[in-house]
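**Q** One predicted model, sequence on top.
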Amino acid sequence: MKSKTLLKIGILCFILGISLISLRNRSFSGFSTLEKKVNEDYKKIDLYFCEKDDCESVIADLINKSTKEDCAFYDIDLEKITNELVKDPYRLVTDNVCKNEIARKEDGNKALMHNKFCIYDNKIISTGSFNPKKSSALKDNNNLIVIESYYLAKNYEDEFEELWNGIFGSGDKVKYPIIQYGNVTIENYFCPEDKCEQHLIEKLNAGKEIYFLIFSFTDTDVSQKLIDLHNSGIKIQGVVEKQRINMQYEQYKKLRLNGIDVRADSNKYLLHDKTWIIDDIIIIGSYNPTSSGNTRNDENILIIKDAELANKMKARFDEIYAKAQNI
């Protein structure tokens with residue numbers, strides 16, 4: 001009897017051991033929900049605001065100094081950029097038909113390929129809300145961030161390869177989601193596969209002060225989270241695109257009715273940002289908190305913990321907020 005009991009215990013231990021090994025292997029092959037962190041020396045982060053800075057020239061200069069580029073742009077028609085692209089071996093994926101003869105692949109998906117990123121020589125990336133279009137260059141409120149990072153370049157290159165090979169809407173999870181970049185912590189996610197909404201809400205939950213500049217805001221879970229945080233005493237201020245505040249599903253009126261200080265942008269063109277400032281964290285990229293952004297579109301975000309960047313972004317927020325309208 002005793003030997004049978006010991007045998008059963010031994011079998012259970014064996015099964016448990018195999019299960020643990022399997023789970024460990026799954027985590028290292030990228031199938032676990034546990035996120036891996038990698039370390040990298042700080043090299044360069046540059047943040048630009050396109051209504052003031054010449055984002056067209058920033059990207060054109062990056063291309064000029066590179067030997068190869070892979071770019072995914074929702075739309076592109078700026079000749080300074082396309083003229084530089086065609087000088088190098090390049091690959092380009094777009095959602096909309098380009099207004100010039102530059103070679104590209106178009107997204108065949110019904111949802112949007114909404115990215116605005118490039119990888120330069122497999123070592124530098126640029127992303128943000130800026131589409132290389134005439135209307136976006138100096139009129140609309142947009143942002144652009146440039147980072148030199150091996151791990152970010154690898155993440156974006158993996159995502160680009162999916163798009164280039166016709167995988168739209170959802171692909172593999174990001175390989176390096178958390179990068180300790182010197183004293184700066186960078187998180188990188190692609191929607192919908194990496195659940196950008198989930199990461200946004202996670203950061204909102206930890207915030208003491210929250211500011212946002214958003215083009216389109218229809219996500220009811222995010223708006224309810226902001227209302228709950230506001231009711232608990234968290235300071236929240238926001239500005240959204242004026243042309244969208246009366247559209248179906250937009251959360252502007254709901255937020256205001258619940259006491260949140262959110263205003264309509266006064267720029268006669270577009271506030272095209274998709275930016276959050278949460279204490280010393282900024283969230284930047286192509287992602288709007290919308291149902292399409294959460295479940296259908298190809299999107300990307302960077303979550304960067306760095307007080308200097310947060311202060312720079314907050315100063316810009318203050319400028320836009322001061323001119324925004326209470327309507």
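**A** Here it is on my side, so go on. Note that the coordinates shown come from a computational prediction; the quantities given were computed from them, not determined experimentally. Numbering: from 1, shown residues only.
**Q** and the gap between residue 116 and residue 307?
**A** Distance of residue 116 to residue 307, computed by CB to CB, to the nearest Å: 26 Å. Just so you know, the C-beta spots here come from the backbone N, C-alpha and C atoms, and that holds for glycine as well.
**Q** next one: residue 65
**A** Per CB to CB, residue 65 is found 29 Å from residue 307.
**Q** for residue 90, same thing?
**A** Taking CB to CB, one finds residue 90 at 36 Å from residue 307.
**Q** More neighbours: these two, which one.
**A** Per other CB atoms under 10 Å, whichever of residue 90 and residue 307 has more neighbours is residue 90, with 20 against 12.
**Q** Which strand residues bridge the residue lying closest to the more buried one once chain neighbours are set aside?
**A** By the measure of CB to CB, 6 or more residues apart in numbering, the closest residue to residue 90 outside its immediate chain neighbours is residue 69, 4.6 Å from it. According to DSSP bridges, the residues that bridge with residue 69 are residue 90, residue 120.
**Q** so where is the stretch 101-250 of the chain shaky, pLDDT-wise?
**A** Applying pLDDT under 70 to the stretch 101-250 of the chain flags residues 101-110.
**Q** what ranges do the strands span in it?
**A** 105-106, 116-120, 124-128, 143-148, 178-181, 184-191, 209-214, 235-240 (DSSP state E, counting those that start in this stretch).
**Q** Contacts for the fourth one, please.
**A** Strand 143-148 is touched from outside by 43-50, 53, 55, 58-59, 62, 123-130, 181, 186, 273, 275, 284, 302, with contacts defined as CB atoms under 8 Å, 6 or more residues apart in numbering.
**Q** Filter those down to just the buried residues.
**A** By neighbour count, with 16 or more other CB atoms under 10 Å, those hold 45, 47-50, 53, 55, 58-59, 62, 124-130, 181, 186, 273, 275, 284, 302 as buried.
**Q** The stretch 101-250 of the chain: helices as residue ranges?
**A** Applying DSSP state H, counting those that start in this stretch to the stretch 101-250 of the chain gives helices spanning 134-137, 150-164, 196-205, 220-231.
**Q** Which positions in the first one come out as buried?
**A** By that I understand helix 134-137. Using 16+ other CB under 10 Å as the test for burial, helix 134-137 gives 136-137.
**Q** Point out the other helices and strands that it packs with.
**A** Applying 3 or more CB pairs under 8 Å, 6 or more residues apart in numbering; DSSP states H and E, we find helix 134-137 packed against helix 55-64.
**Q** Cool, thanks, talk later.
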